[in-house]
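# Fold the following.
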Amino acid sequence: MWIKHNRRLWGKVLLLLVILVIGGVTVSGCYGRSQPRGWSGAIIADDTLFVGSLDGRLVGLNKSDGSRLWPVDSTLGTSESKAVIYGTPAVEGDLVYVGGYNGRVYAVSSSTGALRWVYPREGNLEPIVGGVAASQGKVYFGCSDGKVYALDATTGDRVWLPFQTGDKIWSTPVIDGQTIYISSFDNKLYALDAIDGSKKWEFDEAKGAIASTPLVYENTVYIGSFDRYLYAVDATDGSLRWRSEVEAGSWYWAKPIAYNNVIYAPCLDAKVYILDANSGREVAGAVELESPISSSPVVVDGKVIIASQEGKVYSLDTSNHQPRLLFDVGDDGEEIYAPLCASDGVVYIHAQSSKQDTLYALNAQTGVTLWRLFLSSE
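Below is the predicted model:
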């Protein structure tokens, strides 16, 4: 039984790596022969929801019933340079920002779906795998060229020279006050000044690449590494507060989440590690979910909602750390890679199969499907 499970687990992990590395973002930053496939997370602004579809479109929806905002979805890129979307969009004011695997960032009107600007104006950067972040009139993103970019949110003009790290960036920048936190494949976590892009500090004690997006909680930055450990770093000066005592069975990919001074860290070894935010010690034994976890969880009414790659969604009770199966799309041949999104007791799940991707609105307490929408074109 263990051998069978172990083979299935690593088969899914290898599939993930093939999709990302062989099918797209190679070590040299070039495009592979296989067509990449994105798994955009959703974002909610007011009563509207925005998500990237599997066929490279930005979809705007009414979050209550899934009805489309625009007569025609906003198509990003061209047939020759498709904007495959791995990262979650960002919203500020009347604009929605999306980073594409084709190496371009798009600004789209949230009210009409019309394209406002594209960066760069001509040509392409290397693939953008992480999401973009928007704050105080600027748009920030990391790129597979190892650089962190900042653009004017209204015009798309570059506002400071890109900050160069030592390797690829696949994570999404996190903005806290005037500081940008972002990780790199060079094994480092960086804190940059959001105004001018200068480096405030770097954390270099991880022994593996870092692809996950940082979590900032109570003046501490939490980050998982490919070295199989979770780190807590002082947000002010970058000093190490702790390294998790337990070594995970595989890489950390998803962004962890915090609730009531406890860190919940999903891992590609199919477990969720439950750690004290102050010490890094295990609060409870890791929860086994039978399938790798690359989707970032959410907290709804004291429950941690987690999705595994094989399409199962669980509700983890934070009082006793017992998981309950809430929803399952695996029987329909769908898998879940995208981060979850939640609002007003509803969880939004972007699932995908080999031919189709679907957005589900799920009651977080009962698991009842409130609505679902097929996103990809027929």
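
# how about residue 249, phi and psi?
Main-chain torsions, residue 249, degrees, to the nearest 10: phi -90, psi -10.

# which ones are touching it?
Residue 249 sits next to 228, 267, 269, 270, 271 when contact means CB atoms under 8 Å, 6 or more residues apart in numbering. Just so you know, the C-beta spots here come from the backbone N, C-alpha and C atoms, and that holds for glycine as well.

# Would you point out the most distant pair within these?
Farthest pair in the contacts of residue 249 (CB to CB) is 228 and 270. Separation: 13.5 Å.

# what about the two, which has more around it?
residue 270 (24 against 19; other CB atoms under 10 Å).

# From residue 220, how far off is the more buried one?
For residue 270, the distance to residue 220 (CB to CB, to the nearest Å) stands at 26 Å.

# so how far is residue 289 from the residue nearest to residue 356 when sequence neighbours are not counted?
Closest residue to residue 356 apart from its sequence neighbours, by CB to CB, 6 or more residues apart in numbering: residue 376 at 5.4 Å. Look at residue 376 and residue 289: by CB to CB, they are 27 Å apart.

# Equivalent analysis for residue 124, please.
Distance, residue 124 to residue 289, by CB to CB: 37 Å.

# of the two, who's got more company?
Taking neighbours as other CB under 10 Å, residue 124 and residue 289 compare with residue 289 leading, 24 against 15.

# Next up, the contacts around the more buried one.
270, 271, 272, 306, 308, 312, 314, 323.

# Likewise for residue 108?
Shown in contact with residue 108 (CB under 8 Å, 6+ apart): 58, 74, 76, 95, 96, 97, 98, 114, 115, 116.

# burial count for the last one?
Neighbourhood size, residue 116 [other CB under 10 Å]: 16.

# thought it was touching residue 110?
No. Shown here, residue 116 and residue 110 do not form a contact pair, counting by CB atoms under 8 Å, at 10.1 Å.

# So for the two, which residues contact both of them?
With CB under 8 Å, 6+ apart as the test, residue 116 and residue 110 both reach residue 95.

# neighbours of residue 239, just the number please.
Neighbour count of residue 239, defined by other CB under 10 Å: 11.

# Also residue 115?
The number of residues packed around residue 115, counting by other CB under 10 Å, is 14.

# beta partners for the residue lying closest to it once chain neighbours are set aside?
The spatially closest residue to residue 115, leaving aside those adjacent along the chain, is residue 108, at 5.8 Å (CB to CB, 6+ apart). Going by DSSP bridges, residue 108 is paired in beta bridges with residue 96, residue 115.

# Report the buried residues of stretch 173-184.
By neighbour count on 16 or more other CB atoms under 10 Å, the buried set for stretch 173-184 is 173, 174, 175, 176, 179, 180, 181, 182, 183, 184.
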